[in-house]
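**Q** Build me a model:
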Amino acid sequence: MFARFQSLIRDYFGFSHKESRGYVVLIILTLFFVLVPFLYRYVADRKPADTSVADQRKLDSLVALMQTEEARQPRFADRNDREKTTAERFSEPKLFAFDPNTASVAEWQQLGLPRWMAERIDKYRSKGGQFRKKEDLLRIYDFPPDLYDQLESYITLRGAPRSSRFSTDRPAANKPYATDRPSYANRPAYPDRPARPVLQPFDINTADTAQLIALKGIGSTLAARIIKYRDGLGGFIGPDQYKEVYGLDSLALSELEKFGQIRSAVRKIPVNTASADELDRHPFLSRRQAQIIVNYREQHGAYTSAESLKPIRILDAKTIEKLAPYLEF
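**A** Purely as a prediction, here's the structure:
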C-alpha cells in the first residue's frame with residue numbers, strides 16, 4: 001500500500017523515487033504532530049493532584065492571614081483611594097478658607113486647581129479683574145463646576161480693592177469714584193474705517209481675475225478656471241453656461257449671475273477654413289469630432305449653416321445647438 005501511494009504521488013507530481021519517498025515521510029510526520037495533542041488529552045490522567053496534609057495546612061494559614069489583613073482595613077475605605085499612587089495623594093486638594101481676589105498661584109494649586117488654571121486666574125486679576133461674588137469664579141474660562149461646588153463654602157470675599165487701571169494719584173476721599181474712570185467724551189476720536197467699495201456689474205467676457213475674486217465664494221483658483229473656460233469657449237453667450245465651470249457652488253453662481261453680465265460678442269471660429277487643431281481647442285468638440293468636420297468639409301464642400309452639420313452622425317442635435325453660436329459660416 002505504501003509503495004502504491006508513493007507511485008501515485010510520483011506520477012501525479014512528477015517526483016523522482018527519492019523525492020516521492022521524502023514527500024510521504026513529510027505527510028506522516030505532519031499527521032503525527034497534528035494528532036499528538038489529541039492523543040495526549042486522551043491518554044493523560046485527568047485526576048487532580050493529591051494535596052498533602054502539610055500543603056493543605058499552609059494554604060489554610062495563608063487564607064486566614066489574608067482574611068485578617070482585610071479585616072484590619074476600614075470597611076468604608078474606597079478601593080480607588082487605596083490604589084492611588086503617592087503623587088496622586090499628594091496632589092489631592094486641601095480645602096481652607098480663601099479670598100479669590102488675593103489667593104496666590106500656590107494656594108490655588110493646594111485647593112485643587114491645575115497650575116495653568118491658577119495662572120489664568122492670576123492673569124485675570126493682574127488685568128483688573130475682580131471677584132465681587134462667589135459665582136464670579138465660574139466666569140473664568142474652563143473653571144471646573146464640580147470643583148466650584150467643593151470650594152463654595154470656603155470662599156470668603158473681604159472686599160476687593162478697586163482696579164489699578166482706574167486709580168489716580170489723588171486720594172479717593174477728594175475725588176468720587178465715578179470720576180476716576182476716564183471720560184469717554186475726552187477720548188480721541190478714531191477715524192472711521194473706509195467703506196467697502198460697492199460692487200458694480202461688469203462684462204464677464206472681458207473681466208479679469210481681480211474682478212472675479214471680488215465676488216463672494218470665488219478665490220484665485222476659481223477665477224482663473226472661469227477665465228480659462230471662457231477663453232476656450234470664445235466667450236459666454238448666456239448665464240446658464242456659468243454652471244458648466246467646474247467647482248462653482250451656489251454662492252459663486254448667484255454672484256456671477258448677479259454681477260457677471262454679457263455685454264460683448266463671442267469670438268467665432270471660421271468653420272470653413274479652420275483646421276482640426278483649431279476646432280479641437282473648443283470645449284464642445286473632441287479631437288475625433290473636429291477631424292470628421294474637416295474631412296466632411298473637404299468631401300462635400302463648405303458649410304452654409306448649422307443645419308449643414310446635421311449629416312455628420314458623430315454630432316448630435318444638442319452638440320450642434322450648443323456649438324452653433326461659436327461658428328462663422
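
**Q** Which helix or which strand is home to residue 30?
**A** helix 17-43 (DSSP states H and E).

**Q** and what of residue 291?
**A** Using DSSP H and E, residue 291 maps to helix 287-300.

**Q** Would you pull up how far that helix lies from the middle of the chain?
**A** Centroid displacement of helix 287-300 relative to its chain, using CA atoms, centre = their mean, to the nearest Å, is 51 Å.

**Q** which of the residues in the helix holding residue 30 are buried?
**A** Buried residues in helix 17-43, counted by 16 or more other CB atoms under 10 Å: 20-21, 24. Quick note: C-beta positions are derived from backbone N, CA and C, even for glycine.

**Q** what bits of the stretch 151-300 of the chain have low per-residue confidence?
**A** 159-197 (pLDDT under 70).

**Q** Helices of that one, residue ranges please.
**A** 209-213, 220-233, 250-259, 276-280, 287-300 (DSSP state H, counting those that start in this stretch).

**Q** Just tell me which of the ones you listed ends up closest to residue 317.
**A** With CB to CB as the criterion, residue 317 lies closest to helix 287-300 of those, at 14.0 Å.

**Q** Could I have the CA atoms of that closest one written out in CSV?
**A** Extracted in CSV, the C-alpha atoms of helix 287-300 (Å, rounded to 0.1, in the frame of the first residue of the first chain):
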residue,chain,number,x,y,z
ARG,A,287,-10.4,65.6,-31.4
ARG,A,288,-12.3,62.9,-33.4
GLN,A,289,-15.3,65.2,-34.0
ALA,A,290,-13.0,68.1,-35.1
GLN,A,291,-11.3,65.8,-37.6
ILE,A,292,-14.5,64.5,-39.0
ILE,A,293,-15.9,68.0,-39.5
VAL,A,294,-12.8,68.9,-41.6
ASN,A,295,-13.0,65.6,-43.6
TYR,A,296,-16.7,66.1,-44.3
ARG,A,297,-16.0,69.7,-45.5
GLU,A,298,-13.3,68.6,-47.8
GLN,A,299,-15.5,65.9,-49.3
HIS,A,300,-18.8,67.8,-49.5
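
**Q** ok, and for whatever helix or strand comes next after it, which residues are buried?
**A** Past helix 287-300, further along toward the C-terminus, the next helix or strand under DSSP H and E is helix 317-323. By 16+ other CB under 10 Å, the buried positions in helix 317-323 come out as 319-320, 323.

**Q** packing partners for helix 317-323?
**A** The contact analysis (3 or more CB pairs under 8 Å, 6 or more residues apart in numbering; DSSP states H and E) places helix 317-323 against no helix or strand.

**Q** hang on, the earlier thing: I'd like to check what contacts the helix holding residue 291. Which residues are they?
**A** 271-272, 274-280, 282, 285, 303, 309, 311-312, 314-315, 319 (CB atoms under 8 Å, 6 or more residues apart in numbering).

**Q** filter these to the buried ones?
**A** 271, 274, 276, 279-280, 282, 285, 303, 309, 312, 315, 319.

**Q** Between these, which sits nearest residue 208?
**A** residue 282 (22.4 Å).

**Q** Enumerate every residue touching that closest one.
**A** 232-234, 269, 290, 323, 326.

**Q** Same check on residue 104?
**A** Contacts of residue 104 by CB under 8 Å, 6+ apart are residue 122.

**Q** Distance check, it against residue 123.
**A** 13 Å (CB to CB, to the nearest Å).

**Q** and what of residue 27?
**A** On the measure of CB to CB, residue 27 and residue 123 end up 79 Å apart.

**Q** domain assignment for this structure?
**A** 2-39, 89-160, 202-261, 269-328 (automatic domain parsing).

**Q** Phi and psi next, for the nearest residue to residue 322 once chain neighbours are set aside.
**A** Closest residue to residue 322 apart from its sequence neighbours, by CB to CB, 6 or more residues apart in numbering: residue 284 at 5.4 Å. The phi and psi values for residue 284, taken as degrees, to the nearest 10, are phi -80, psi -10.
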